[in-house]
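[1] return a 3D structure for these sequence lines:
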Amino acid sequence: MHDDRTLVEARLRRVLDERIRPAVYPESVPLRVAVWHAPGEPVPVAEGLAAEPEPIEVGARWGAPWGTSWFRVTGTVPEEWAGRTVEALLDLGFDENMPGFQCEGLVYRPDGTPVKGLNPRNQWVRIGAPVAGGEEVRLHIEAASNPVILDYHPFRPTPLGDKDTAGQEPQYTLARMDLAVLDETVGQLVLDLEVLGELMAELPLDSPRRSDILRAVERALDAVDLQNVNGTADRARERLTGVLSAPAVPSAHRISAVGHAHIDSAWLWPLRETVRKVARTAANMTALLEDEPDFVFAMSQAQQWAWVRDHRPEVWARVKKAVAEGRFVPAGGMWVESDTNMPGSEAMARQFVHGKRFFLDEFGVENEEVWLPDTFGFAAGLPQIIKAAGSRWLLTQKISWSRTNTFPHHTFHWEGIDGTRIFTHFPPVDTYNCSMKGSEIAHAVRNFRDKGRARHSLAPTGWGDGGGGTTREMVGKAARLRDLEGSATVGWETPRAFFEKAEAEYPAPPVWVGELYLELHRATLTSQARTKQGNRRSEHLLREAELWAATAAVRTGHPYPYAELDRIWKTVLLHQFHDILPGSSIAWVHREARATYERLAAELTTIIEDAQRALAGAGTVPLVFNAAPHPRRGVPAGGAATPAGTPPADGTALAAREDGGFTLDNGLLRVTVDARGLVVSAYDPAADRETVAPGEAANLLQLHQDFPNMWDAWDVDSFYRNTVTDLTDAESVTAGEDGISVRIERAFGASRVTQILSLAPGERRLVIDTEVDWHETEKFLKLAFPLDLHAERYASETQFGHVHRPTHTNTSWEAAKFEACNHRFVQLEEPGWGVAVVNDSTYGHDVTRTVRGADAPGTTTTVRVSLLRAPRFPDPETDQGVHRFRHALVPGASVADAVREGWRINLPERTATGAREVAPLVTVDDAAVVVTAVKLADDGSGDVVVRFHEAHGGRARATLTAGFPVAGVTVTDLLERPAGDGEVPREGERIAVHLRPFELMTLRLRRN
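    Numbering: from 1, shown residues only. A predicted model of the protein is given here:
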């Protein structure tokens, strides 16, 4: 037989596009349209419905950037349409290629009842099925004219990312606004032909099944009268019955489809717009659930559920009903889909506390799956946190975006730093926006790397990023793929149902140990420095607020600010969303974030100071409050006292050098600063060790060109290292005003840097305060410390411990980690002597090895801290302005020293006067056991909750002592629910604890 395959396939494409799809709506009449443009920000629904609109015609421009327009559409169903299905087609000016990234709408009835959302892939509203004819139609559309930020020429700088710079130019042209007859038979024929055509394209050319489909499609097309598609669609469908009813082979891959709309809580739109995006999507999905009995939809991020509850109660009622039916499923158990690299230990724990508690309180639902499809890599401390929250499973697909190495598994156990293992699944469909295309389904089957041991995967199905969710067309395709020869089988399931089946069929999956590093989006560890500083500052202020408020409540009866702390925590957690904290959102988002962090800092400072006044009383005794988990200057951890043994003011000597530099010496460390303001020596006399690599200089600012191939705010590509400018020219190097520090001033490009290098008496650490007035474009600023250490690996703090990374690049896996994340410290060592670099607000860094030279054999190691970037998309003014950073170089530092100094630089002492010292509420007798939280239980019982972990990487036996009468002690999960075997043994107020390396534990202490 002659091969006419390409002829038939081309015929299918054209007939579908030009004849069959246009026949889905064979008749239409225009609607009358009027519009009211809301001034300023969005208005309540009642106000929008009551506003008096003015007529507008199809083809007119509308919608200033970020504006809200209320459209009223009215019309009458023609009498001759009686008995037929009628829909309103409402095209606000959509581009079908941009669902979630442009204008959107939510349709209401005149009484304020929400109907459904409108987006580029969902433009219809059902009027009746069937209609009687003659019905009056009146609908209202709350339309958001969100501008397109990520256009067909992506990553171009644009002022549209902030309403203050976006202007007033209308963004959209009103398109079709009609009543139309829906021919459901033709609609079903479209889906038949799409499913078969897409399947056919994925089958081998010599496959009998492909030929069977080809001939069936040909017969169906022959049956279509192109001048009477609607009258012949039934006949065409009959000719496809055989190929559509052929069952899948028994060994077919099984796909669990989960209705989904990944909605970024902020990204190319502000937080306020996400509130509306969630409402539109939820309205759409509840409507679809009513129409499709097999469909299941899952939505993550408790914050987004709370927005629907608080801002759209009319949508919330429909959501609650669907949840009760088990088909609108709360997922993930986190407050938002957060970044997991940068949030601190407690913040990462509280994501689960507040997320899971919301779903438990509102619906009685316990999430056991963690749902993070789009997060930019996963810290090695996360498995333990997941387990401690009472969860068992993790889903993400983001690692499929890695550019260098292909991850070897799709279903596996992920082992964290403490040894906890979590059953993890990466959907092989490689998208969280699956649309049930044949190419997607076939890719999932081919791509699945666990064939022969498992044959079950998950497909998050629906338009996401900007929301929208699953469409009826996707549901229709899934129905045809339920059991179809040549395809994977597809069925709608909840995330829980999938994980239970997947875990049962694969009881001994492979194990991946350590972080799940995304080989992409590395610059998110640095972009938008003020947002990152606000997060770090807020995390530590919250620690202080809880500690001192709990201590004051127990000791003095001072009111504990439950509601305030709950609200503030949720606000901080929201801003850890994976496009806010990483710095990849529009200017509007980060402008608001900076203001929010300032407001929270003021609130938390008030809580702290009120509690401290209650504890110390009125008096003149000088006190230092120490919120860090280690004693300092004689002040106990978690207590307040008059400092003991304060070194004399002249404990540090500053001497000028002949070359124009200075020497700082306090007996514990001698630091030499040359005339360029660079540290050329940091000598540790106790160890007789030089810290700085031979012939090199520390405190070296380095400037790189930084223009990645794409994803400007997200990415730094490895070639940035090909060019570098060492900022060695100093305008001045002078003695600091205090006489025991060195002040350096530099200018470069359009920017300026001022640094203060100080060596406090009695301290073995050089503190570097850096102020940058930054006005560069597409540059990357690093602070380098070349160290005279031969180290094959280094320690980098993460949640509840630290992770080791190699300093070499033996394999592509190590080479790809050319930019990595740390929390408060990076530490590296030779046996017996090490160095730490600690920080108060930076996360990105790199560590490399260098040959010492012919006259000094061996290698040295360079640590570089990432300070600032200047990408121009999506915020064209990223990080412009003044920034302040604090770092410290700590020679001779062990991991224990690094842990202590990291806490210390982030929790400075607070001085006050009062009548009495304050004893700690709890103490621990082992420095390896670090207390991360002391608070009152969230349930208002007055119980004291203490969370701690082993921080040095070894076993720990410690005694925790309560500074108040204890009636009983219980081990709990993160949600403060019993998790152990009854009461914990104790001797009075003394509790013995045994911890594995990096193990975290939460104790609940009942007060007498």
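[2] can you tell me what sits against stretch 72-80?
    If you take Cβ atoms under 8 Å, 6 or more residues apart in numbering as the criterion, stretch 72-80 is touched by 29-36, 53, 86, 88, 90, 127-128, 131-141, 177, 179. C-beta coordinates here come from the backbone N, C-alpha and C atoms, glycine included.
[3] wait, residue 195 touches residue 439, no?
    No. Counting by Cβ atoms under 8 Å, residue 195 does not reach residue 439; the two are 11.8 Å apart.
[4] so between those two, which is more surrounded?
    Legend: neighbour count by other Cβ atoms under 10 Å for residue 195 and residue 439, higher for residue 195 (26 against 12).
[5] list the contacts for the more buried one?
    For residue 195, the contact set (Cβ under 8 Å, 6+ apart) comprises 244, 438, 477, 480, 481, 484.
[6] now name the helix or strand holding it.
    Taking DSSP states H and E as the definition, residue 195 sits inside helix 184-202.
[7] residue 548 now?
    Using DSSP H and E, residue 548 maps to helix 529-556.
[8] do the same with residue 589
    Counting by DSSP H and E, residue 589 is part of helix 587-616.
[9] list of residues touching the helix or strand that that helix is followed by?
    Going down the chain from helix 587-616, the next helix or strand is strand 621-626, by DSSP H and E. For strand 621-626, contacts defined as Cβ under 8 Å, 6+ apart pick out 548, 612, 616, 632-633, 635-643, 907, 909-918.
[10] tell me the strands beside strand 621-626, with direction?
    strand 639-641 (antiparallel), strand 910-914 (antiparallel) (DSSP bridges).
[11] using CSV, please lay out those together with distance to residue 113, mean pLDDT and mean neighbour count.
    What follows is the strands paired with strand 621-626, written out as CSV (distance: least, Cβ to Cβ, whole Å; pLDDT from 0 to 100; neighbours: other Cβ atoms under 10 Å):
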stretch, distance to residue 113, mean pLDDT, mean neighbour count
strand 639-641, 58, 97, 23
strand 910-914, 54, 96, 15
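[12] wait, which of those strands is closest to residue 821?
    Closest approach to residue 821 among the strands paired with strand 621-626 is made by strand 910-914 (28.8 Å; Cβ to Cβ).
[13] show residues contacting the closest one.
    With contact meaning Cβ under 8 Å, 6+ apart, strand 910-914 is reached by 544, 608, 612-613, 615-625, 627, 640.
[14] can we see that at 10 Å?
    Residues outside strand 910-914 that contact it (Cβ atoms under 10 Å, 6 or more residues apart in numbering) are 544, 548, 605, 608-609, 612-627, 640, 643.
[15] select only the buried ones of the residues you listed in ChimeraX?
    Filtering the contacts of strand 910-914 down to the buried ones (16 or more other Cβ atoms under 10 Å) takes a single ChimeraX command:
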select :544,548,608,612,613,614,615,616,623,624,625,626,627,640
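[16] given the host helix or strand of residue 890, what are its sheet partners and their directions?
    Assigned by DSSP H and E, residue 890 falls within strand 881-891. When pairing is defined by DSSP bridges, strand 881-891 lines up against strand 766-774 (antiparallel), strand 833-839 (antiparallel).
[17] and the last one, what's its mean pLDDT?
    Strand 833-839 carries an average pLDDT of 98.
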